[in-house]
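K.L.:
based on what follows, work out the 3D shape:
(chains A and B)
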Protein chains: 2
Amino acid sequence: MSKLTDVPKRILIGRALRSEKLGETLLPKRIALPVFASDPLSSVAYAPGEVLLVLSIAGVSAYHFSPWIAAAVVVLMFTVVASYRQNVRAYPSGGGDYEVANTNLGPKAGLTVASALLVDYVLTVAVSISSGVENLGSAIPFVVEHKVFCAVGIIVLLTLMNLRGVKESGKLFAIPTYVFVTGVFILITWGAFKGIVLDETMRAPTADYEIKPEHEGLAGFALLFLLLRAFSSGCAALTGVEAISNGVPAFRKPKSRNAATTLLLMGALAVTMFCGIIGLAMATDVKMAEFPAKDLIADGVPVGPDYVQNPVISQVAAAVFGDGTFFFVLLAAATALVLFLAANTAYNGFPLLGSILAQDRYLPRQLHTRGDRLAFSNGIVLLAGAAILLVWLYGADSTKLIQLYIVGVFVSFTLSQTGMVRHWNRHLKTERNKAKRRHMIRSRAINTFGAFFTGLVLVVVLATKFTHGAWVALLGMVIFYGTMTAIRRHYDRVAEEIAAPDEPGDESVRPTRVRAIVLVSKVHRPTLRAVAYAKAMRFDRLEAISISVDPAETKALQKEWERRGINVPLKILDSPYREITRPVIEYVKGLRTENPRDVVSVVIPEYVVGHWYEHFLHNQSALRLKGRLLFTPGVMVTSVPYQLVSSEAAKQRARKRQEWNAPGSVRRGPVDRRPKEPSGKA
Amino acid sequence: MSKLTDVPKRILIGRALRSEKLGETLLPKRIALPVFASDPLSSVAYAPGEVLLVLSIAGVSAYHFSPWIAAAVVVLMFTVVASYRQNVRAYPSGGGDYEVANTNLGPKAGLTVASALLVDYVLTVAVSISSGVENLGSAIPFVVEHKVFCAVGIIVLLTLMNLRGVKESGKLFAIPTYVFVTGVFILITWGAFKGIVLDETMRAPTADYEIKPEHEGLAGFALLFLLLRAFSSGCAALTGVEAISNGVPAFRKPKSRNAATTLLLMGALAVTMFCGIIGLAMATDVKMAEFPAKDLIADGVPVGPDYVQNPVISQVAAAVFGDGTFFFVLLAAATALVLFLAANTAYNGFPLLGSILAQDRYLPRQLHTRGDRLAFSNGIVLLAGAAILLVWLYGADSTKLIQLYIVGVFVSFTLSQTGMVRHWNRHLKTERNKAKRRHMIRSRAINTFGAFFTGLVLVVVLATKFTHGAWVALLGMVIFYGTMTAIRRHYDRVAEEIAAPDEPGDESVRPTRVRAIVLVSKVHRPTLRAVAYAKAMRFDRLEAISISVDPAETKALQKEWERRGINVPLKILDSPYREITRPVIEYVKGLRTENPRDVVSVVIPEYVVGHWYEHFLHNQSALRLKGRLLFTPGVMVTSVPYQLVSSEAAKQRARKRQEWNAPGSVRRGPVDRRPKEPSGKA
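P.N.:
Predicted coordinates:
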């Protein structure tokens, strides 16, 4: 897209290059779909299995409820998709659930959503990687035999890739996602064709197994509870639906409409795949048990702890394509890859949400700078650490991890949809245009139903899963919420403390004089530079100070000082305990006591080095002294740097770091869309 | 010792209190002995066992060589003691082996000794703790069953105590050491009395066991080699003898003579205990095997891997006092305690040696400050980490660890004694006084013999133990040597780079003008203070700079700036990517390009906070900006601190930290004995 005529312009403007480039990366729908949908689409790799697994508690007979549960999931999916289509239209800025809840329901709701989303990102990594490992393991047994090791290894790999800053491209997402979707559709179509047209019998590897029910003959309320629990597990298919609402700015124009269309497309694909796989599982007699070791019976005996329960999608693929065939392996690989991509989306979302929260002072301010490498790294490492901890604690078992997963999603769904209802109410108060009002009322109805339905699901999820692990997710949310509240409170307190008073306070009174002290240890280039700079500043008084820790060295210093005729008085401070800090602090305090309205400027020559280990070898006492001096009122500290030859290396590194691109920039869209103030005003 | 008349003086002089106190802590011989001798005296807890254990390789019959080996150890001990009595007299400054080798044999020899000593300190901790755990385990089986865990636990405990800065007192050392020494003497006397006078038969717990020789019927060279190996192990009794030569300044006057007497006393005690225990072991038929599990035979079958081989001293105590009796338990406890104290001496010696090495620029300069808490902590943590690693790798097995131990000691013995020979040679060249010359010639003869004998032992140790683990110690020495050489080379290179040229260079040329920039984000107290200070400095030009990351905030800032009538021009720098650093750097570079002979002073308001976690919340972008600015030539950076209320907490902590006493001060003596220059000269 870069035309020849652009070249001179680029050479002239230089930096404009970057925003040009960003303009080019706006996503067409066919690329936006895989970029945003790898998370919800990949969940068909585990959601169907979870439904069967819960139903099996009441025995195989309960499997015939699975179409009903699938239907409920489909209804829920379309409700959520319809709701988020309203979000996307109302908030094209890509603020997502946090912005919606924060704006419409107040900061507490916003913070709750943020906590839920942060927990959710961690679980997206943990669940997707674990499930990916299980899917890969159905083709490569080694992987599933060393499940935790492999899962942690892949998390570490993803982390390193993201820290390194791999440049993301739409294609990276598109190819595996489309291979996966196509693969699943071929699987469903071919399976249906074989079953219905050819009337072949397809048998899953577990077709001949029996299931020992944990609770035989459940009925009434107990059965209802079980069905609700199975439904809750099936809701895992909905995770990640909200991703598009964060990414509207990355779409091509008309942004909102394209985003809404993509959302619908994604919902349709997800439910079709979900239902297709459940259908095939029923047709091929897949058996899944919550505790396969004791409840799955092969030839009258339990299969035992060595048995590996493969995911439904892989069992179905084995039945339709045949175990170990090319198509089987290809589908397993594509499934695993899409799941790893889904995990990767959390690596982008987590720091992005962090930067938005930092903007609102719920997280350390330095995270605010968007795309900043250091800030980004902190987020990445925190996310990876938490995910590794969960994977390790739960033995990379996707079934166990899913129990934690869905709480956060539905907390943010419910609050976001409730926020949307408020949004429309507010706008309806002022809107007079009839057509627009009608549109708004329709949107409000959709969001109201969405809020009600997702709220209901949240209650169901909490009721059925609380003891199974949902409490861990809630605990995580409480920790995030508490930490962020504390940080915000700290910032508020500091802001109050440092607020400028209306009448000129102590701070704006200009001190009468500035006395300067140059710290000297030896006569060398850094010292000479510091003295020259200090002289250039024309302080009211200037003297050089040296701490005597070795009488011989001090004597040599004094001699050299005189020999060179440096016309700044050199004062020697005695230090019987070889301390550097204390004598200087005491001297400075003494100066202040003599003339309390003076300020003291301490000038410190500093070495600038190039390698991390050199920091251990230089500037340590200067740094420590500086740290102590800053506690003394009426003192300022000036560092006069001396660049050692080796510092060139660090400069190069810093430059390279500036060229770094934060991963996930594709899905975030261009950086700043707000109107700019005229700048450069003096 | 503090008299009533001292009180007014103390109130008047205040700080002199510290040197007063140090004066009072000079050690009388009866306290100096336990303070310095816990290491060599405690080695009788493991050295006799090691001798028997090696001999057992040739079968029980080889045990009758043990008196000869004991005799050789005694001769060696007196040689070393006699040699070090010369050191103590010649170097009363307490420089120790490093100083002697460095001064007389050159820096390479000095650095070799230093590396050997550093390795040795690590091994003192590892061996003493492991042996202590084994001794304690003979009374409390739990301890020896969880050997590694207990050993690591005790190392961690000692580390925390030393990091915390427990005030050492002579008594702390005196009581356990004297209990131990008395206990061992009672053991020996009572054993001899029972055996010789009462003619009772005392049987060690292992008296009835048999030993399967690893190599039956060794003779000729092979036997000699084995005897030499046994002797090498016995030499473990000599570790720590050099400690007194580092501690001369801590003695009461006449320092050198008192130190020499203490040295002799220590040697006499150590050999008596060593020989006594070997003698009792023979009399009570103690059996020790290198691999007890397979080579120790009870009733015709090997004792197997669950058998715990108790130390000789505890087996002898069981024979003489009876297993589990009060005296038995008391001796085991005292032995363990003295061994832990011995380990603790390394915690004092390691950082002290580090500070001396830092003075010679072989280690980072900040370690130089003696008794500085941070420097001290680094040394402690390094020592503990290395010791824990060894204990863990070798399963807290003192027998295996001792194979590594003796190399370092004898490297420093040999080089130190060789250095002393050179010392006397040099002095003999100039000394004319007959009596003094005679004295020197005698000293030289002693040191020559010492150098020769310890050198011979070093060769024996290397030859007999190299493959058994001595190579690890050598590797450690090479690593220390290489690191320290590299550090020294770095410092030398930097010193050359920054050496002041004789004609005035770039550094001493006074820049024509200083342009100042105050960085502003909001109008609050820290900013107002920074602006007021900057104004007071009367720069040639002063302007305020703000980075626009949010147009609304920028607008508000400009308004507030005008409203308050701050008469410093405010310039807004545009930052489309919300970066802070880059626009400032580019602006500053621009200023420099316009007027290359100007320097730019960047004034940054900084928050001073009180808790470590607050650092994550403040100053991060200022710090990063500062880091980058220092790479730009012709720039200096001034921090204007604003002390938040919470900073008071940190100030209190810093004050408390200053009152902290480095452990080991008792054994180091008063700090500065060199003549002082008159100070306070302007």
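
K.L.:
pull out the buried positions in stretch A:632-639.
P.N.:
Within stretch A:632-639, the residues scored as buried using 16 or more other C-beta atoms under 10 Å in any protein chain shown are A:632, A:634-639. (Glycine included, C-beta is placed from N, CA and C.)

K.L.:
could you check that stretch against chain B for contacts?
P.N.:
Yes - for stretch A:632-639, a contact with chain B is found by C-beta under 8 Å from any C-beta of the partner chain, at A:633, A:635-639.

K.L.:
stretch A:562-569 too?
P.N.:
Yes - Stretch A:562-569 is in contact with chain B by C-beta under 8 Å from any C-beta, via A:564, A:566, A:569.

K.L.:
what's the mean pLDDT across that stretch?
P.N.:
In this model, stretch A:562-569 has an average pLDDT of 89.

K.L.:
likewise for stretch A:414-422?
P.N.:
93.

K.L.:
outside of it, which residues touch it?
P.N.:
Contact with stretch A:414-422 is made by A:83, A:86-87, A:90, A:97, A:100-101, A:103-105, A:109, A:112-113, A:116, A:242, A:443-444, A:447-448, A:450-451, A:454-455, A:458, as judged by C-beta atoms under 8 Å, 6 or more residues apart in numbering or on different chains.

K.L.:
what do you get for stretch A:92-108?
P.N.:
Taking C-beta under 8 Å, 6+ apart as the rule, stretch A:92-108 contacts A:87, A:90-91, A:109-114, A:117, A:242, A:245-250, A:255-256, A:259, A:353, A:356-357, A:360, A:412-413, A:415-416, A:418-420, A:422-423, A:426, A:668-669, A:673.

K.L.:
and if you look at stretch A:49-62?
P.N.:
Looking at what lies outside stretch A:49-62 - C-beta under 8 Å, 6+ apart - the contacts are A:63, A:65-66, A:69-70, A:210-218, A:223, A:226-227, A:229-231, A:233-234, A:236, A:278, A:281, A:286-290, A:295, A:311-313, A:399, A:402.

K.L.:
keep only those of the residues of stretch A:632-639 next to chain B that are in helices.
P.N.:
In helices, defined here by DSSP state H, there are no members of the residues of stretch A:632-639 next to chain B.

K.L.:
distance to A:L390 added to these, as CSV?
P.N.:
As requested, these are arranged in CSV below (distance: C-beta to C-beta, whole Å):
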residue, distance to A:L390
A:P633, 48
A:V635, 48
A:M636, 48
A:V637, 45
A:T638, 48
A:S639, 44
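
K.L.:
confidence-wise, which of those residues comes last?
P.N.:
A:P633 (84).

K.L.:
give me the number of neighbouring residues for A:L224.
P.N.:
11 (other C-beta atoms under 10 Å in any protein chain shown).

K.L.:
list the helices and strands the helix or strand hosting it packs on?
P.N.:
Per DSSP states H and E, A:L224 falls inside helix A:220-234. Under the contact definition 3 or more C-beta pairs under 8 Å, 6 or more residues apart in numbering or on different chains; DSSP states H and E, helix A:220-234 sits against helix A:47-55, helix A:66-90, helix A:398-430, helix A:434-465.

K.L.:
deepest in the core, which of the ones you listed is it.
P.N.:
helix A:47-55 (a mean of 28; mean count of other C-beta atoms under 10 Å in any protein chain shown).

K.L.:
angle of it against helix A:66-90?
P.N.:
130 degrees (axes from the mean of the first three to the mean of the last three C-alpha atoms, to 10 degrees).

K.L.:
centre of the chain to helix A:47-55, how far?
P.N.:
29 Å (C-alpha atoms, centre = their mean, to the nearest Å).

K.L.:
what's the closest non-adjacent residue to A:F453?
P.N.:
A:T79 (5.0 Å; C-beta to C-beta, 6 or more residues apart in numbering or on different chains).

K.L.:
just to revisit the earlier point, list buried residues within the residues of stretch A:562-569 next to chain B.
P.N.:
Looks like these have A:I566 buried, using 16+ other C-beta under 10 Å.

K.L.:
closest one of the residues of stretch A:562-569 next to chain B to B:D540?
P.N.:
A:I566 (22.7 Å; C-beta to C-beta).

K.L.:
separation between that closest one and A:L591?
P.N.:
21 Å (C-beta to C-beta, to the nearest Å).

K.L.:
show the pLDDT at A:I517.
P.N.:
93.

K.L.:
thought it was touching A:G590?
P.N.:
No - when contacts are counted by C-beta atoms under 8 Å, A:I517 is not listed as touching A:G590 (11.4 Å).

K.L.:
looking at those two, which one has more neighbours?
P.N.:
A direct count of neighbours by other C-beta under 10 Å for A:I517 and A:G590 places A:I517 higher, at 24 against 10.

K.L.:
quick one: secondary structure of that one?
P.N.:
Following DSSP: H, G, I helix; E, B strand; the rest coil, we place A:I517 in the strand state.

K.L.:
got the contact list for it?
P.N.:
A:542-545, A:584, A:587-588, A:600-603.

K.L.:
and the strands in chain A?
P.N.:
A:210-211, A:296-298, A:301-302, A:514-519, A:541-548, A:570-574, A:599-608, A:635-643 (DSSP state E).

K.L.:
in its sheet, what does the second one sit against?
P.N.:
Using DSSP bridges, strand A:296-298 pairs in its sheet with strand A:210-211 (antiparallel), strand A:301-302 (antiparallel).

K.L.:
any chance of those strands in a markdown table, plus mean neighbour count and mean pLDDT?
P.N.:
Shown next, in a markdown table, are the strands paired with strand A:296-298 (neighbours: other C-beta atoms under 10 Å in any protein chain shown; pLDDT from 0 to 100):
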| stretch | mean neighbour count | mean pLDDT |
| --- | --- | --- |
| strand A:210-211 | 20 | 84 |
| strand A:301-302 | 12 | 86 |
